[in-house]
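1. What follows is a predicted structure for the sequence shown.
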Amino acid sequence: MLHYRTVFISDTHLGSRGSQARDLVRFLRCLTCETLYLVGDVVDLWRMRTRVYWPVEHHEVLQQVLRLIQDGAQVVFIPGNHDEAVREYLGMQLGGVRIADQAVHETADHRRFLVIHGDQFDLVVRHSRLVSMAGSMAYEWLIRLNRVYNAVRRWRGKPYWSLAQYVKGRVKSACTYISRFEDALMQEARRRGLQGVICGHIHKPEERVEEGFTYYNCGDWIENCTAVVEDFDGTLRVIEALPAIAEMVKRQRAGHPAANASGIIAADRLTPMPAVRAASRESLIRRQRARLRPASPVVLEVNGTVEPYGVE
């Protein structure tokens, strides 16, 4: 299992054909944590307005989130622009998932981070919804083209190459947009007296340190399959989920019959869920008993009102 204190995931875009939901299920099945933040654009309601696409893998993602809740994890959903309709339910708790506009997360080493999707700092999204939706459609077509191109590369024995990231890196306006987005969020964290920010929105996994402030972007589950994780000593880092699973399997491979030749466990051959739940509960209980102090509460902000979450 992959054990973390906190996990931050964004931009899964469930309901769109570009979502790598199968890989996300594999990651969630291997995961135990105390708190899971879903940092926006979890369900792509924009795409679902024109067509409904909801295969079994997308439903399984939600089932795995519910499994984490049953195992004792706090789950906080911070809606983004693609699932902004959920913002009508800010402050509510649905199925064990707390919905908030943003949050302040305190790490185990007492650093405080703003957790926000980030579309609030995107001028295109705020002032030109039509342009934003057109850009989203163009990005989806670019991803489709990218898949065809990389299928040819695999056939020729060449490694994966991201056309979308290449375009972002070559187009000056895109580079300027990303830089301004990061700067705006870091300035907001600084204004609030925090040590950094954890966000999503731009599909660019990143860790950036500037003048004592740290910017983390969760990335996405369209291309990158990344997350921000907090270890039990408070260390935050961006991880690629599939290599993390592969490393876990490598450590367990000698005694795990479900590992295939590449060292990856097939999603349908993992440990049965009752056994996973029991192991997860025991692991969480051991860590909680060993901890010298209680976990720091999550502080949520709903319509300008700040309130603690997870405190009895």
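-> Perfect, I can see it now. Being a predicted model, the structure only gives us computed values, none of them experimental. Numbering: from 1, shown residues only.

2. Quickly note the distance from residue 90 to residue 206.
-> Distance, residue 90 to residue 206, using CB to CB, to the nearest Å: 27 Å. Backbone N, C-alpha and C define where each C-beta goes, glycine included.

3. likewise residue 102?
-> Residue 102 is 19 Å from residue 206, by CB to CB.

4. out of those two, which sits in the more crowded spot?
-> residue 102 (23 against 16; other CB atoms under 10 Å).

5. what residues are up against the closest residue to that one other than its chain neighbours?
-> Once flanking residues are discounted, residue 102 sits nearest to residue 116: 4.2 Å by CB to CB, 6 or more residues apart in numbering. The contact partners of residue 116, by CB atoms under 8 Å, 6 or more residues apart in numbering, come to 39, 78, 101-103, 185, 197-199.

6. distance of residue 116 from residue 10?
-> Using CB to CB, residue 116 is found at 10 Å from residue 10.

7. shared neighbours of those two, anything?
-> Common neighbours of residue 116 and residue 10, using CB under 8 Å, 6+ apart, are 39, 199.

8. just to revisit the earlier point, which ones among the contacts of residue 116 are found in strands?
-> 102-103, 197-199 (DSSP state E).

9. Would you convert these into JSON lines that also reports distance to residue 190 and pLDDT?
-> Shown next, in JSON lines, are the ones in strands among the contacts of residue 116 (distance: CB to CB, whole Å; pLDDT from 0 to 100):
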{"residue": "102", "distance to residue 190": "15", "pLDDT": "97"}
{"residue": "103", "distance to residue 190": "17", "pLDDT": "97"}
{"residue": "197", "distance to residue 190": "9", "pLDDT": "98"}
{"residue": "198", "distance to residue 190": "15", "pLDDT": "98"}
{"residue": "199", "distance to residue 190": "14", "pLDDT": "97"}
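
10. Could I get the full set of strands for the chain?
-> Using DSSP E, strands in the chain cover 2-9, 31-38, 74-77, 93-94, 97-99, 102-106, 112-115, 196-199, 206-210, 213-217, 226-230, 236-240, 298-302, 305-309.

11. Show me what the fourth one is in contact with.
-> Identification of contacts with strand 93-94 by CB under 8 Å, 6+ apart yields residue 99.

12. Partner strands of that strand and their direction?
-> strand 97-99 (antiparallel) (DSSP bridges).

13. residues touching the closest residue to residue 190 other than its chain neighbours, list them.
-> Nearest residue to residue 190, sequence neighbours excluded (CB to CB, 6+ apart): residue 213, at 5.8 Å. By CB under 8 Å, 6+ apart, residue 213 lies in contact with 186, 189-190, 195-197.

14. Select only the buried ones of those residues in ChimeraX?
-> For the buried members of the contacts of residue 213, the matching ChimeraX selection, counting by 16 or more other CB atoms under 10 Å, is:
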select :186,189,190,195,196,197
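
15. Now for residue 112, how many residues are close by?
-> 16.

16. Can you list the low-confidence ranges for the stretch 201-312 of the chain?
-> Counting by pLDDT under 70, the ranges of the stretch 201-312 of the chain that qualify are 254-298, 301-312.

17. what's the span of stretch 102-119, first residue to last?
-> End-to-end distance for stretch 102-119, by CA to CA, to the nearest Å: 12 Å.

18. Report the buried residues of that stretch.
-> Applying 16+ other CB under 10 Å to stretch 102-119 flags 102-108, 112-119 as buried.

19. again with stretch 179-193
-> 181-182, 185-186, 188-190.
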